[in-house]
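Participant: Sequence isn't available, so here's the structure alone:
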Ligand SMILES: O=P(O)(O)OC[C@H]1O[C@H](OP(=O)(O)OP(=O)(O)O)[C@H](O)[C@@H]1O
Ligand SMILES: O=c1cc[nH]c(=O)[nH]1
Ligand SMILES: [Mg+2]
């Protein structure tokens, strides 16, 4: 599939790649690959999965926050006066998409301690693959805010596109999506549906394809169930 080649290994070498208005950054790092491989493993239990997802997000967050706004401040070390930076206001907003995105929240705010947190509850209908929103708790006005939206899986793209459209409706113009895994089909849908809006997607990998149930292949299964499902 041409799209796979476009976003597969080649994208890792050149990452980030910009396609129309979307910047796709596949984080190429051995620790990222190691943690992702253990997340993929069907034998990994929920407790380990939660810990690894948390660690992986912190590594992705390092890349995702590369353009976070800072301002210069004065600081006195024990030796001399100098200048440094601190995170600027308005505070960045972090929005996990419930349920599975909640497993990424702690790892993200660990690196962004000043962040405000909003919530979007969304569910994908497993028959139609259409996303719907069942809960929203975010500031109404997001103009001037840097927004980081968290969801482990970018599959058909329906969920993330709807989430980002809602952020844009509230005035956000600086949106970064942090996902653990993406499908090439979902990346294409995002480019098409969000054309004209500069959006960055940071991910650990772009996989091969979606199967007939809309699951990422090889993927890691149902992220929500693996994080919060019944114990094995
Ligand atoms: O790109 P898409 O095709 O829209 O699929 C991705 C969405 O599906 C999963 O959520 P799910 O609906 O299973 O909800 P959950 O997080 O509560 O498990 C996943 O966490 C994404 O939100
Ligand atoms: O592979 C997939 C696709 C959607 N949602 C998941 O949790 N996993
Ligand atoms: Mg799920």
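Facilitator: Noted; the coordinates are in hand. Remember, predicted model here, so these are calculated numbers, not experimental data. Residues are numbered from 1 along each chain as shown. Ligands and ions are numbered 1, 2, ... in the order given.
Participant: ok, residue 64 touching residue 204?
Facilitator: No - using C-beta atoms under 8 Å, residue 64 makes no contact with residue 204, being 11.4 Å away. All C-beta atoms are positioned from the backbone trio N, CA, C, and that covers glycine.
Participant: How about the residues of the protein by ligand 1?
Facilitator: Within reach of ligand 1 by C-beta under 6 Å from any ligand atom, the chain has these residues: 97, 99-100, 122-124, 129, 131, 151-160, 186, 214, 223-224.
Participant: which of those residues are close to ligand 2?
Facilitator: Answer for these near ligand 2 (C-beta under 6 Å from any ligand atom): 153, 155, 214, 223-224.
Participant: And the furthest pair within those?
Facilitator: 214 and 224 (13.8 Å; C-beta to C-beta).
Participant: Flag every residue of the protein that's near ligand 3.
Facilitator: By the rule C-beta under 5 Å from the ion, the part of the chain lying against ligand 3 is 222, 224.
Participant: in the chain, what residue sits furthest out from the centroid?
Facilitator: Centroid-distance maximum for the chain: residue 79 at 40.2 Å, with C-alpha atoms, centre = their mean.
Participant: What separation is there between that residue and residue 85?
Facilitator: 19 Å (C-beta to C-beta, to the nearest Å).
Participant: go on, residue 25?
Facilitator: 22 Å.
Participant: So if I had to pick from those two, which one is more boxed in?
Facilitator: Legend: neighbour count by other C-beta atoms under 10 Å for residue 25 and residue 85, higher for residue 25 (21 against 11).
Participant: Grab the nearest non-local neighbour of that one.
Facilitator: residue 16 (3.8 Å; C-beta to C-beta, 6 or more residues apart in numbering).
Participant: need the contact list for that neighbour.
Facilitator: Residue 16 makes contact with 23-26, 200, according to C-beta atoms under 8 Å, 6 or more residues apart in numbering.
Participant: Just those: which are in strands?
Facilitator: 23-26, 200 (DSSP state E).
Participant: Give me every residue in the chain lying close to ligand 2.
Facilitator: So far as C-beta under 6 Å from any ligand atom goes, the chain lies against ligand 2 at 153, 155, 214-216, 219, 222-224.
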